[in-house]
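Engineer: Would you be able to build a 3D model of this:
(2 chains)
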Amino acid sequence: MAVIITEAPAPARRPVRDRHHRGVSRWVVLTLVTLGALVMLVPFAFMLLNAFKSPGDYSSSGPLSWPTEFYTKGLRTYWTEVNFPLKLWNSALIAGSVAVLGVAVSLLNAYALGIGRVRGRLWIVGLFLLANMLPQEALIYPLYYVAKEIGLYNTQLSVIIIFTVIQSAFGTYLLASVMGTFPRSLLEAAALDGAGKWTVLWRVVFPNLRPTLAVLLIFFFIWTWNEFLIPLVMLIDNQTQTIPVALASLQGDRLMDAPTTNAGALISLVPAILFFLIFQRTLARGITAGAEK
Amino acid sequence: MQRFRRIVAAIALAATATTTVAACGGGDSEDDSGAKTLKLWHYESENSAMGVGWNRAIEIFKAEHPGVEVRFERKAFEQIQQNAGMIINSSEGPDIMEYNKGNATAGLLSSQGLLTDLSAEADKRGWAGKLSPSLQTTARYSDKGVMGSGNWFGVPNYGEYVTVYYNKDLFQQNGVKVPTSMAEMTAAMDTFVGKGVTPLGMAGAEYPAGQLFYQLALSRADRQFVDNYQLYKNPVDFKADPLKYGADTFAEWVRKGYIAKDSASLKAEDMGTAFIGGKVPMIVSGSWWYGRFKAEMKANWDTFLFPGNTLQAGSSGNLWVVPENSKAKSLAYDFIDITLRPEIQDLIGNNGGVPVAGDPAKISDPKDRKLIEDFNAVSKQDGLAFYPDWPVPGYYDVLVGGFQGLINGSKSPDQVLDTIAKPYADGVKEITGK
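Structural biologist: Numbers count the residues shown, from 1 in each chain, chains lettered A, B, ... in the order given. As a prediction, this is how the structure comes out:
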């Protein structure tokens, strides 16, 4: 008996005008968007350019020059030296678990706060937000200490738990306000039909929030994927480390190897981009969901 | 880097809290003679001089200790720099690792009881005899974690020092000879300026400016000054020579065009690539560039010691340390001993590194040999004067800010000395409690 809120019938449509008759503003906007997109792509272009350049070439002609040869040793060095497949698996495991668990925890929290309307929910939400706003540098030592005491230091589980909490703090805040506007009539109707709290969550609320949850899932995944400090501190064995930490191992004390770093960044970026492309449709749908209400 | 420095500060603060915890931990792990694994960490890249040398050392260690498994992991510099205290305070840490020398790093951990005292081993195995006094400075720390005296907490394998790299081709084209005194050095730079070439590559946004200032100051300094400045033996007057001379001369070099005004915002990497690309004839910087120049530079180049100085910025390289929680201490000592053998030391030298106990006669490449002979000369006459940013935590950023002002001309030498004097005095007060 899944109930989906159907969109209100669209008001009588305005007559469709010829798209070429909307004036110059259209073109201005288009140009600006294109320019903006190009500016955003510049750093990636540099990365791409320098990933295939030999260190000597980079040092003598600088980062802007066209590579004199197609140099792939940087890519290969990075791949083998840091054992990239293992790091990829670690990152995927951690980011994937956090995304799923974080969304689940957010949903349950937000159900209590947004629909259950528990007493003092504003303060609770505020408290959750605090977890998100605190700089991680301030959290790191207590986290280290607790992890060490309970034997989770240097395990991926510790990082998964920490990020599930941090991400779900934001998720709770967002979902709680979304659920605050959930149509009461729908909930009452479900209650009249004899649905318990669990059924309401699972059969009424969840299906309607699915697009939003999908977006949260993707955000949690990408945010966790890119996290650096906490994995750096918590995961000290090369066997457990994530991709951003591996990337940092290319940076020495006083020397840097720009082409290899670029090559590493390129390889490390690919999984996140693939993930984004695959779920990009969901993302667009989720962001616009509710825009018509 | 900036972001990390802040984090480092935060963690260092947090790490001091570990002191009390750590104090209870030590002392019960002496019985490790039966250890069957050696967990070894370092952060040198595979092809660097140290990377090559230590790979060989691991092979030798395995051959001499059949049945012992060496679990080597190459770590990120970043990770060790930031987390060493937390890592070795847990049971997950390594049995032996490479760690940064200096008060803020090895000194801090030794004062917290996290590192093993190596004094007995140093005596027994004759490590002290292999290292000159100025190399030992960074290996020994007092109970407050101040380097220079006290027990051995680390053993260096290689050295580093600031020298002058010059582009032979550019020297030849402009008819400039390699200078052997400060007067010849300024004359050489005048020649370049006369031909419209900026003679000295510089990077105001990172360490090179502070190191050049320090080199200039050292030309008027003696060992007493270094002890005062680095080891807090006596108060340092920033408004008197040698520091005043250093700042004044630096400003003069900027005024005369030896140093480009627009180098205030450049990074060390920019300076290095400018030299590799043949855009500047000279840079004053450390031996850590050597391997890279050798691999990447097409023009002819060589090095000469900063002319006229008996003291040079430089020190031992990073240290081997044995954490107090190490489960294989005697194996760790054996490994350190292997890395100090002539075979490994010469291997480091032949790969462009500066071994602490190397024999120049065993080095085949003449340029490599020159680098090592220069270092040995400095080290033998007790000439390693460490680095200007070492004395107090956070001083690196102070120096960078100060000398950026001097390069772009927004501050006078006097103002710069004022800027850098106060944080120094405050920092020293905090450390010595005086």
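Engineer: how many neighbours does the closest residue to residue B:260 other than its chain neighbours have?
Structural biologist: Nearest residue to residue B:260 in three dimensions, chain neighbours excluded: residue B:198, at 4.7 Å (C-beta to C-beta, 6 or more residues apart in numbering or on different chains). Bear in mind the C-beta positions are built from the backbone N, C-alpha and C, glycine included. The number of residues packed near residue B:198 is 21, by other C-beta atoms under 10 Å in any protein chain shown.
Engineer: SS state for residue B:198?
Structural biologist: Assigned state for residue B:198: coil (three-state reduction, DSSP: H, G, I helix; E, B strand; the rest coil).
Engineer: Next one: it from chain A, what distance?
Structural biologist: To chain A, residue B:198 is 17 Å away according to C-beta to the nearest C-beta, to the nearest Å.
Engineer: How about the contacts made by that residue?
Structural biologist: Residues touching residue B:198, when contacts are defined by C-beta atoms under 8 Å, 6 or more residues apart in numbering or on different chains, comprise B:192, B:257-260, B:280.
Engineer: Verify the contact between residue B:139 and residue B:319 for me.
Structural biologist: Yes: contact status for residue B:139 versus residue B:319: in contact at 6.4 Å, counting by C-beta atoms under 8 Å.
Engineer: Overlap of the contact sets of the two?
Structural biologist: Shared contacts of residue B:139 and residue B:319, defined by C-beta under 8 Å, 6+ apart, comprise B:101, B:153-156.
Engineer: Helices - which of these land there?
Structural biologist: Secondary structure of those is defined by DSSP state H; no position falls in helices.
Engineer: Now compare the residues you listed and name the two farthest from each other.
Structural biologist: Maximum pairwise distance among the shared contacts of residue B:139 and residue B:319 (C-beta to C-beta): 11.4 Å, between B:153 and B:156.
Engineer: what about stretch B:221-240, how long is it end to end?
Structural biologist: Start and end residues of stretch B:221-240 are separated by 11 Å (C-alpha to C-alpha, to the nearest Å).
Engineer: buried ones in it?
Structural biologist: B:221, B:225-226, B:228-232, B:236, B:238 (16 or more other C-beta atoms under 10 Å in any protein chain shown).
Engineer: Please apply the same query to stretch A:118-126.
Structural biologist: Residues of stretch A:118-126 classed as buried under the neighbour-count rule (16+ other C-beta under 10 Å) are A:121, A:124-125.
Engineer: what does that stretch rub up against?
Structural biologist: The contact list for stretch A:118-126 (C-beta under 8 Å, 6+ apart) reads A:112-114, A:172-173, A:176.
Engineer: Dump that stretch to CSV, restricted to CA.
Structural biologist: Backbone C-alpha positions of stretch A:118-126 (Å, rounded to 0.1, in the frame of the first residue of the first chain) are rendered in CSV as follows:
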residue,chain,number,x,y,z
VAL,A,118,9.8,14.6,20.1
ARG,A,119,10.1,17.2,22.8
GLY,A,120,13.1,19.6,22.4
ARG,A,121,13.8,18.5,18.8
LEU,A,122,15.2,21.9,17.9
TRP,A,123,18.0,21.5,20.5
ILE,A,124,18.6,17.9,19.4
VAL,A,125,19.0,19.0,15.8
GLY,A,126,21.3,21.8,17.0
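Engineer: What pLDDT is listed against residue B:311?
Structural biologist: Note for residue B:311: predicted pLDDT of 91.
Engineer: What residues does it make contact with?
Structural biologist: In this structure, residue B:311 makes contact with B:218-219, B:221-223, B:226, B:383-385, judged by C-beta under 8 Å, 6+ apart.
Engineer: can you give me the strands in the stretch 251-400 of chain B?
Structural biologist: Listed from the start of the chain, the stretch 251-400 of chain B has strands (DSSP state E, counting those that start in this stretch) covering B:282-286, B:301-304, B:314-316, B:319-321.
Engineer: now swap in the stretch 1-150 of chain A and tell me
Structural biologist: Assigned by DSSP E, counting those that start in this stretch, the strands in the stretch 1-150 of chain A number zero.
Engineer: Could you point out which residue ranges in it have low pLDDT?
Structural biologist: Segments of the stretch 1-150 of chain A classed as low confidence (criterion: pLDDT under 70) are A:1-22.
Engineer: Give me every residue in chain A lying close to chain B.
Structural biologist: Remark: the part of chain A in contact with chain B comprises A:55-56, A:58-62, A:81, A:137-138, A:140-141, A:144, A:148, A:153-154, A:229, A:232-233, A:236-238, A:245-246, A:248-258, using C-beta under 8 Å from any C-beta of the partner chain.
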